[in-house]
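Asks: Got a predicted structure plus its sequence, pasted below:
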Amino acid sequence: MTIDKTLKVRAGMIRNRNVLTRGERLAKLQEAERWKDGDPVIGLPKVRVVKVSLKKKKKTKKEEGEEAAAPAKPAAAKASPGKK
């Protein structure tokens, strides 16, 4: 019997989580200097979770042409020294 696609685990949890553990919240609050040692741990203020998304740069036609031409030049250069 096969496993359904939705049940498979792919390299752990890659997505950003919406909820932080208490330790993670304390670390973020300490970085922002909103919590100090000795403050109560219960009733912590909310901490915003920043989602990081990397966008791929769109290639222009000039860059695509240069990339296609670039591998051809080193191959020609390698062939010429061997002909000595």
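Replies: Nice, thanks for sending it over.
Asks: tell me which helix or strand of this structure sits lowest on mean pLDDT?
Replies: Lowest on mean pLDDT, DSSP states H and E among the helices and strands of the chain sits helix 61-82, with a mean of 59.
Asks: where in the chain is pLDDT low?
Replies: Applying pLDDT under 70 to the chain picks out residues 9-15, 53, 60-84.
Asks: which residues in it form helices?
Replies: If DSSP state H is used as the criterion, the helices of the chain fall at 22-31, 61-82.
Asks: Show me which positions of the shortest one end up buried.
Replies: For helix 22-31, the neighbour count (16 or more other Cβ atoms under 10 Å) marks 25-26, 28-29 as buried. All C-beta atoms are positioned from the backbone trio N, CA, C, and that covers glycine.
Asks: got CSV for those, with distance to residue 8 too?
Replies: Below are the buried residues of helix 22-31 laid out as CSV (distance: Cβ to Cβ, whole Å):
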residue, distance to residue 8
25, 30
26, 34
28, 31
29, 36
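Asks: Pick out the most distant pair among the residues you listed.
Replies: For these, the maximum inter-member distance is 7.4 Å, found between 26 and 28 (Cβ to Cβ).
Asks: who touches both of the two?
Replies: Residues touching both residue 26 and residue 28 by Cβ atoms under 8 Å, 6 or more residues apart in numbering: none at all.
Asks: can you pull the contacts of the residue lying closest to residue 28 once chain neighbours are set aside?
Replies: Closest residue to residue 28 apart from its sequence neighbours, by Cβ to Cβ, 6 or more residues apart in numbering: residue 47 at 4.9 Å. Contacts for residue 47 (Cβ under 8 Å, 6+ apart) come out as 20, 25, 28-29.
Asks: cutoff 10 Å now
Replies: Counting by Cβ atoms under 10 Å, 6 or more residues apart in numbering, residue 47 touches 19-20, 24-29, 31-32, 34-35.
Asks: Residue 46 and residue 35, how far apart?
Replies: Remark: distance between residue 46 and residue 35 (Cβ to Cβ, to the nearest Å) = 12 Å.
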